[in-house]
Structure formats: C-alpha cells, structure tokens
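A.B. asks: Sequence and computational prediction follow.
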Amino acid sequence: MFAIFNITTAVFISILFLTGCSGPQPLSMVGHGVEQIKSETVWSRDFGPERSGHFRALAIADFNNDGKLDIVGGSYEPGAIFLWYGDGLGYWERIQRFKIKADVRYLTVGDVNNDGWLDIVSSSRGDTKGIGVWINENGVFREGQRISEKELYEGMKLVDINNDGKLDVISANSSDVSIGGIQVWLGVGDGTFITETGPTRKGIYFDVAVGDINNDGKLDIVGAGWGQADGAIRTWLGNGDGTWSSAQMVDKGSFWGIDTADVNNDGNLDIVGASNFEGVTIYYGDGKGGFPTKEKLAETGSFWRARVVDLNKDGLMDIIASSNDGHGLVVWYQHRIDKKYMEKKDSSGCNCTIEWIAKNEGLPVEGFYFDIAIADFNLDGRADLAASTHGEGIKVWFRSPGEPAKIKKEIVKEKEIIEKPVEKIVEREKIVEKLTVPVFYTAVFFDTGKAEIRPESKVILSSVAEFLKRVTGTIVKLEGYADPRRIMSKEFPDNQVLSEVRVKKVNEYLINAGIPIDRMEVRGFGDSNIKYKGDDPNSMQMNRRVDITIIYKSALMEKEGMKNDLPDKEKKGMDNKEIDKKEISPYKKVSTEGLEISAPKTKELVSKDPFAETKDVIPVTEYKVFKMIKNVPEYRIGIGDTLEITLWEGIKETHYRVIVSPQGTISFSYVIGFNTVGFTQTELEGEFIKLLQEYVKKPIIKVEVPEKVAHTLSIFGAVRDLPRQPTGPGTYTMYGRERITQFLSRAGGHLPIADLTRVQLTRGGKTYFLNLFDVLFKADYRQDVFVDDGDVIFIPAKTEIKNKVFVFGEVKAPGLFQYDVGISLFESIIRAGGPTFYGKIEDVVIIRGDETKPEAIKSNLKDIYERGDFRQNIALQNNDIVYVSKNTVGNIANFIRNITPILGILRFPMDLYGATAVPRIDGFPLIREAAPTPTTVITTTPTAPPLGEGERWGESR
C-alpha cells in the first residue's frame, strides 16, 4: 500500500506542473528540434506490400532462396505476422499469414535449425505472449517450439553468443522492473532453445544490441533500458562462453531502441540510442568497453529506432531514425570539414572535423513510424529503405538520384493500365495498384420462419453502420438465406421470399441508420445455397441468416468505361451486379515491358462464409479423446478404460472383461499384449478380427467400453456447484466428442457473475480466449470448440474483469475505477465524485493509447445538460485516462506532449493489478481480493450425458 500511495503522490505532484495557473509548461516542445535542410529528392514515392494496418515489427531477408529480398511484418492491428515474397523490381506478393493473434513487437531472422533456410523468431504480447519460433520449410513457415509463453519481450537478436556454432536468442524484457532484464536462450541447433540465462533479470528494457565493444574478439551485450528511475543504456562484456561481467552504465534515460556500429571510422564500436522525448544520441566508444564522449543529433522528440548505414556511399556512416510521435523519418549525413589548422589527422590522413547535417530528401516529415530496415530491394546497388507504420502498413522507398526514371516509367505504365481497358477477355479487367484491401465479414441470425431482427443482431448492425460511416469508399453486400425446411405461410409462401424479406429488413435498418441505398447490394438465396448440411438444430440455425460483407470499392471491378466493351450477356450480369468469376476476375497478373503488377487473389478478398475460419480458432490436427469413423465420432480408448469384448466362434459366445494396463495393453483369448491406446471401438474390432483369423474360422468380435476413465479435463472459476450432484469446479472424465458449452452444462453451468466473453482454455501450453456469450446468446458457433484430454478451462467472474479507467484532475475523488461491460465519460466523472468548483467540464480530455503513441480526445460535458448533446458523452475504453482541467487545455498536441512523460506513472496501478488477479477497485486506496480457486475436486465418475457424447447441444431455443 505504501508504494501505491507514493505513486499516487508522484502523479499529483506531476499534475501540479501541468495545471499550475502561471509560469511556462516545462515539458512543452515543438517537434524534435531538428532543422532539416531541403535538398534534392533522392527517394522514390512510397509504396510497399501493405498499404494499411498498424505495424510495429519488420524484417528483411531472402526466405525462398531465389536471390530476391522478401519482407516479413508484424502488426498490432489486426495482430498477426505476414510474409511477402519480392520480385526484385519492387513488388511483393503475400504468401502467408502466420497463425498468431497478438501484438507483434519484434522480428529477427536466422537459420536456427541449420537446414539452409532462414527462420523467424518473434516477440509478442496479448493473447499470445512471449517468444515464438517459425521454422522455414522450403519457403513455407510452420510454428516451432515456443521459447517462452510468459512475460513481455521487445527487441531481439539472433547470434552465436557462446561460440558453439549454433544461433542463440537474446531479448529485452519489458515485463516489470523486478522481472525484466536481458534474457538469453542458448540454441540446440535444431530449432529449439533449452537453456535460459542472461546478464540481468532487473529493469525494463525495450531493445538489445550485440557487438565486440572492447575489441577482445568476444561478443558483448548492450541494453536499452526504459523508465524514469532505472532507465539507462547499459553494457555487459562477454566472456565468450555465455557468461558476462557486471553491468556498466553508459547514460541514463528512457530508450526505445539502440544500434551498434563504428560511426566515426576509428575501428571501435559506437552506440546510437533512440530515446523517449530526448532525441537521438551517439555514444563514441574507446575500444576498451567505455563510451567517454557523446553527441546529440536531436535534443528532443521521441524516436523508436535509429540505424547506422552509409546511404550515399561516401565512406562515412549516416544515421536514419524513425519518429513515433508523429514526425516521420529523419536522416543525418556525416560531412568532413577540412580544417587545415588542425594538427591531428583522422584515419584518412585529413585534417578534418565531422559535422552532422539533417537533410529533407523526400522522406516523410509527418506520421508515426516504428521499425526500419535498409536493403537493396531492386538490386541497383543502392540502399533502399523499408519502415513499419501506424495506420499505413509497410512502406518502402527506393533510393535514386532525383526522381528515378524507373519510377516515372512505372507511374506512367500504371496509369495506362488503369485507364485503358484491354480488348481480350482475359485482360479486360481493370488493373489497380496492388493493395491489401481491408474486408469486414459478419452475419445476423433469425428465428425459424421469421424475419424480425433480434435485439442482439441490432447491436451488430449498429456496429456495421458505424463502420460504413467511418470508412469512405466501402460498400456492403447483403445475402439472405433460409434453412431447407419448407415453409408455407400467408406471409412467406416459400423460402425464397423469406430470405428476401430478411435481407430487406437488414437493408432497411442500415438505411434508417444513415447508410445510402447506393452503397448496398442485396440478394436473397432462399434454400438454394445451403452451406451447412444436416437437419440438426445447429445447422438449421446457421442457415437462417443474412451474410454481411463490407469491401472497399477499389477492390471491385469498375463498371464505368468497361461495360460498353462487354458482350450483352456480360452486360446483363453487370446490371444484376453479378460477375462470372470463371471469365472475369477483378485481379490479374500482367507484365508490361519489365513491369510486373501483382494483386491479391479474389478468394483472399471476399469470403461468402462468415464462419470460414472456424477451425482455426484453436488449431487441431487430431483429438486425443475421439476420432471420426465414417462421419461418426468414436471414443478413443486409453489407459485405465474397461473393455467388454464378445467373441463368437460359430454359435459359441465368449465374454471377456479387461482393463487397459498402464502400458496401454490388453490380453484375451489368443490376443496377447495388444496395445489399444488411441484405437476406437470400430478400429479395435477390425484389428482383433485380423489377429484371430489365424486361430478361429470367421470370428465375430464386438467391443464395448462400459467404463471410460482415460481422458480428463478440468474446469474452475465461476462454475455452478449444484447440490447433491457431481458438479462445480474440478476434474471430469470425458466420454467422447463434446463441445465446451456441452461440458460447461455437464459441470453445472456458469454462475450469474461469470464473464462468458473471456473464457480461458489452456491446451498444449497455450491459452486461448473464447467468447461463450456470443455462442449462447448470438448463435455465433465459431467459438464453441471441441474440448480435449488435458484441457483446463477457467470461467472468470465479472468482479475480475480487467476493465479500468483512471480519473484525475479537478474531481473530488480522483482514482482508479473498475467497470464490467461499458462506462461513459459522464459516469466515470460521477464515480470520481463529480467536478470540483474549479473544474472546467467544457474542457475534459480523454487520454487513450500507451506512452509510445498517446492520443487525446476533447469533450464538452457542459453541452450534455445545457443542450442535450449526448455525443459528448463518449464511451470509454479499458485503460483510458480522464483528465478534468482547471484551466483551458488549449492546443491538444501540446497537451499530449505535456502529459506523455507521466503516463507511465498514471498507468502503473493499472499495469500492476492487470498483471495479477484483478480486485474490486474503487478509487484509492486500492482494495484487492484474491482470485477464485477450485473449491471442489470431482472424485466420483459423473453420469454420462443422454444420447452419449452430447449430441443434443444446439437444440432450438
């Protein structure tokens, strides 16, 4: 409690500097303070493999061994890893999306299994946190054995740190001051890493670099520390065997990134640090492990990365840095200035001094940029640039003198292709610049024989409408369906009419929500296109729906200017807004005089099935507890199960009752020591017949499993414990195929306080989050996965929901407040006791995002009760910070710069409690309750569900 109060005090002391009524604001700054000289443009226009999305991580390498550079990028929205293959001309084709759902922080490349193919190591946080390994198998990646599944890691390096010929992983840990540091995992050489070591476990670090800084032939480690108190650049001298000397501090500060290189060509490694709000600094090494002098390139500004490279091939190293506070990319060039009066000569024999000059040569001066990489993408001998961005995907610039002729030619050719339709059918479609088009899919469901929109569907449709309003250039396609059962009512004479009315209802809802009718395409299919076969309630429900597909219009074939060139048959198809995909594709691959334009495949853009990725919620190749035999799920036999075997020899009938031994074997009749583990009843019958045919003429075998004890799973948390029934938290026996909702029902169901939106399922060392609320109440069956042997399920209670907002400034009871599902700005201020006499409620600010990229939203709450303008009552998000000012906030950009340095302090209570079981929180002091634990262990065997294996799940409600 003492630490929390000290933090709180520090917060409000900091606030005094921000809200004082007189005097300058000490933290105010304008840009990064770097004067860039306008110079001749040497960079091409920006392009790249991905033109949208929030990307942080980036790596460049030849992954398919074709001699051309490829790109791998890690995003934090949508939260995935993407791989694009390059063609050596500046175009990339997306090859693979890695199966990971996380905020990807860093990517590094190396051959970790010594097979001649470059592999990838990633660090991430979110649903999948820790460090993952991706093994390259002939150009296609599979997930390898994860190095760590806990804690928060940032920058990494793949090097042979202990000189055994195998690559090791070194990573910066940003989890916490007490459990952070720099970790090292020694490689085995087969793609796995077994030994965790490292120079320190203390401090928050965001990046790491490796090099021989004391010229002893052994690799040393440099760490970029972060934090107001303990942040610093530190070095550890290596002994060459995986051990290090004690840390040496180079400079205090909060650093996002570091790089090591011989910047001044004196033969010694130097360090370049990119810091949080303190610019970019060079630390010149003395070759003995020390860094006695430093030079500031930028006094202020927040920079994510700074890389050292000779961009203009003058033999002098240059530095390029990425700004993560909205100021684009900055390049500094070294220039020799001849000072004839100087006695000391440099390494080239010149009486020179070095001067750094920042030049604006065509790179962006605005925008949020993160990782950067330098490589020769188009094989012209010049250093090109790639960068990951916030909101603009992955960008690439070619370096050429002036405006590159090749780029000019490329622009002209693209215009010709776009504006002039081709006569041949195979080349008729309009070729557009390669874009990755964001597409949104969802669906709403209906009751049997009805077309009324359900209440929960209105929530989905409202979100769709908001998305369409926010994203211009989009259209929505609505397709209605009905289940195959015949309907003959006065209102709906057949299923075709029913599906059309359902689409019409959705269409009308969106029109009333403000979406123009010309942005919608509607069509009903009746029961002519059944996607989910079967007459069970599950399949029936999934077929009673309207599919909603939102797609950028630029991803569709433009009809204007093309329609007149089409035959009558195709004109009709265009009028009906249908395209024959066999004859006309919205994308092709066309070569024109060395220029190759590639576009995404149609199937990557539009999926008719909103549940197309159901199987990927939790990737499973094979289940331990059941196996499909002729489309029927059968129980897989395991150790401890009891088998009843009936053998017919002619009319003679013999019964055997055996228990599967700890070795997995059984013996009966002429069968001795047969291993039954993993077999189903049907498979065993076939195996036994083959064995007994040598001794018995035409044997007949029947196998039954009356007692199943081999497979178990556990559940705990907010689970109902029914009286006098084997229910509640504990471990349960499995009887065959069972979905998670079936098992939850068998275990007693959920308590009223259960948070079904974030159910945790742990399998194979990984934790997956499932939304069972949508399964039970919105008919979204994608999350209703099959459970398996060894699964552990946790149902969190609503009192543990990790949703918090922090309210401070001119309010009566500032503090940290918890909420369950949603909270508005007005409600948060009421919880904080309301504004004080001095509070300016017309100048309330919501601070959103972390310290790497904060944003501020102003709201005038006075308009709520004076004008009834409830638009000002903004819905808050988890971890938002609400500030009620005493004075007018003024320029919002200056406000963000002022508030950002203390965001880490403000969010410390949130991060501290968010990393553990979240308590009941009502302002300060913080009151914490322990997380729930299992109260009952089920030792008796529960009764098997009716019909076996839970096939009744999904009945109509």
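C.D. replies: Cool, the structure landed.

A.B. asks: Can you name the residues that contact residue 787?
C.D. replies: Contact analysis of residue 787 by C-beta atoms under 8 Å, 6 or more residues apart in numbering lists 625, 713, 734, 738-740, 743, 761, 793. C-beta coordinates here come from the backbone N, C-alpha and C atoms, glycine included.

A.B. asks: Swap in 10 Å and give it another go.
C.D. replies: Applying C-beta atoms under 10 Å, 6 or more residues apart in numbering, one finds that residue 787 lies in contact with 618, 623, 625, 711, 713, 715, 732, 734, 737-744, 761, 763, 793.

A.B. asks: Distance of residue 815 relative to residue 809?
C.D. replies: Computed as C-beta to C-beta, to the nearest Å, the residue 815 to residue 809 distance reads 12 Å.

A.B. asks: Enumerate every residue touching residue 506.
C.D. replies: Going by C-beta under 10 Å, 6+ apart, residue 506 touches 444, 446, 451, 453, 457, 460-461, 464, 476, 478-480, 520, 522, 546-548.

A.B. asks: higher neighbour count, residue 815 and residue 809?
C.D. replies: Regarding residue 815 and residue 809, a neighbour count based on other C-beta atoms under 10 Å identifies residue 809 as having more, with 25 against 20.

A.B. asks: For that one, grab phi and psi.
C.D. replies: phi 100, psi -140 (degrees, to the nearest 10).

A.B. asks: coming back round to it: mind listing the shared neighbours of residue 815 and residue 809?
C.D. replies: Taking C-beta under 10 Å, 6+ apart as the contact criterion, the residues that touch both residue 815 and residue 809 are residue 832.

A.B. asks: Give me the buried subset of the contacts of residue 506.
C.D. replies: A residue is treated as buried here by neighbour count (16 or more other C-beta atoms under 10 Å); on that basis the buried members of those are 444, 446, 451, 453, 457, 460-461, 464, 476, 478-480, 520, 522, 546-548.

A.B. asks: quick revisit: the contacts of residue 506 in strands, which ones?
C.D. replies: Using DSSP state E, the subset of the contacts of residue 506 located in strands is 444, 476, 478-480, 520, 522, 546-548.

A.B. asks: Taking the residues you listed, tell me the two that lie furthest apart.
C.D. replies: 444 and 520 (14.4 Å; C-beta to C-beta).

A.B. asks: wait, what's in contact with residue 517?
C.D. replies: For residue 517, the set of contacting residues under the criterion of C-beta under 10 Å, 6+ apart consists of 507-508, 510-511.

A.B. asks: if we go to 8 Å?
C.D. replies: By C-beta under 8 Å, 6+ apart, the residues touching residue 517 are 507, 511.

A.B. asks: how about it, phi and psi?
C.D. replies: Given degrees, to the nearest 10, the pair of backbone angles that residue 517 has is phi -70, psi -30.

A.B. asks: Return the per-residue confidence for it.
C.D. replies: You'll see residue 517 listed with a pLDDT of 85.

A.B. asks: Same check on residue 631?
C.D. replies: In the prediction, the pLDDT value recorded for residue 631 is 87.

A.B. asks: again with the one 10 residues further on
C.D. replies: Looking at residue 641, its pLDDT is 96.

A.B. asks: Neighbours of it, how many?
C.D. replies: Applying other C-beta under 10 Å, we find 22 other residues in the vicinity of residue 641.

A.B. asks: Residue 659 is in contact with that one, correct?
C.D. replies: Yes. Under the criterion of C-beta atoms under 8 Å, residue 641 lies in contact with residue 659, with a separation of 7.3 Å.

A.B. asks: how far away is the residue of the chain most remote from its centre from residue 700?
C.D. replies: Among residues of the chain, the one most distant from the C-alpha centroid is residue 651; the distance is 64.2 Å, by C-alpha atoms, centre = their mean. Relative to residue 700, residue 651 is positioned 11 Å away (criterion: C-beta to C-beta).

A.B. asks: now do residue 622
C.D. replies: Residue 622 sits 30 Å away from residue 700 when distances are taken as C-beta to C-beta.

A.B. asks: in this protein, which spans are helices?
C.D. replies: Secondary structure of the chain, counting by DSSP state H: helices at 2-19, 405-419, 455-470, 495-512, 537-543, 568-575, 602-605, 681-692, 740-746, 772-778, 825-831, 862-867, 892-899, 903-914.

A.B. asks: With just CA atoms, put the fifth one into PDB.
C.D. replies: Listed in PDB are the C-alpha atoms of helix 537-543, where the atom choice follows Å, rounded to 0.1, in the frame of the first residue of the first chain:
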ATOM      1  CA  PRO A 537     -30.700 -27.700 -34.900                       C
ATOM      2  CA  ASN A 538     -27.200 -26.400 -35.200                       C
ATOM      3  CA  SER A 539     -27.100 -26.500 -39.000                       C
ATOM      4  CA  MET A 540     -30.700 -25.200 -39.200                       C
ATOM      5  CA  GLN A 541     -29.800 -22.100 -37.100                       C
ATOM      6  CA  MET A 542     -26.600 -21.300 -39.100                       C
ATOM      7  CA  ASN A 543     -28.600 -21.400 -42.300                       C
END
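
A.B. asks: Would you pull up how far it lies from the middle of the chain?
C.D. replies: Using C-alpha atoms, centre = their mean, to the nearest Å, the mean C-alpha position of helix 537-543 is found 31 Å from that of the whole chain.

A.B. asks: related to what we said a few turns ago, which one's more surrounded, residue 622 and residue 700?
C.D. replies: Using other C-beta under 10 Å as the criterion, residue 622 and residue 700 rank with residue 700 on top: 14 against 9.

A.B. asks: Could you give the number of residues near residue 642?
C.D. replies: Around residue 642 there are 15 other residues, counting by other C-beta under 10 Å.

A.B. asks: Let me see the contact set for residue 296.
C.D. replies: Taking C-beta under 8 Å, 6+ apart, we find residue 296 in contact with 279-281.

A.B. asks: One more: residue 256?
C.D. replies: Contacts here follow C-beta under 8 Å, 6+ apart; on that basis residue 256 touches 206-207, 224, 226, 274-276, 302-305, 324, 852.

A.B. asks: got a pLDDT number for it?
C.D. replies: In the prediction, the pLDDT value recorded for residue 256 is 93.

A.B. asks: Please tell me how far it sits from residue 99.
C.D. replies: As for residue 256, its distance to residue 99 is 29 Å (criterion: C-beta to C-beta).

A.B. asks: Over to residue 242?
C.D. replies: Remark: distance between residue 242 and residue 99 (C-beta to C-beta) = 32 Å.

A.B. asks: same deal with residue 530?
C.D. replies: 29 Å.

A.B. asks: Quick check: closest non-adjacent residue to residue 250.
C.D. replies: Taking C-beta to C-beta, 6 or more residues apart in numbering as the measure, residue 250 lies nearest to residue 233, with 4.1 Å between them; neighbours along the chain are not counted.

A.B. asks: With residue 498 instead?
C.D. replies: residue 492 (4.2 Å).

A.B. asks: and stretch 775-793, how far from the chain's centre?
C.D. replies: Computed by C-alpha atoms, centre = their mean, the separation of stretch 775-793 from the middle of its chain amounts to 21 Å.

A.B. asks: same check, this time on stretch 664-677
C.D. replies: The offset between the C-alpha centroid of stretch 664-677 and the centroid of the whole chain comes to 48 Å, using C-alpha atoms, centre = their mean.

A.B. asks: Could I get the buried residue list for that stretch?
C.D. replies: Those would be 664-666, 668-669, 671, 674, 676-677, for stretch 664-677 by 16+ other C-beta under 10 Å.

A.B. asks: and if you look at stretch 763-775?
C.D. replies: Using 16+ other C-beta under 10 Å as the test for burial, stretch 763-775 gives 763, 768, 770-775.

A.B. asks: avg pLDDT for that stretch?
C.D. replies: Per-region confidence: stretch 763-775 scores 84 on mean pLDDT.

A.B. asks: What is the end-to-end distance of that stretch?
C.D. replies: Start-to-end span of stretch 763-775 (C-alpha to C-alpha, to the nearest Å) is 20 Å.

A.B. asks: Residue 52 is in contact with residue 394, correct?
C.D. replies: No. Using C-beta under 8 Å, residue 394 and residue 52 do not qualify as a contacting pair, with a distance of 9.9 Å.
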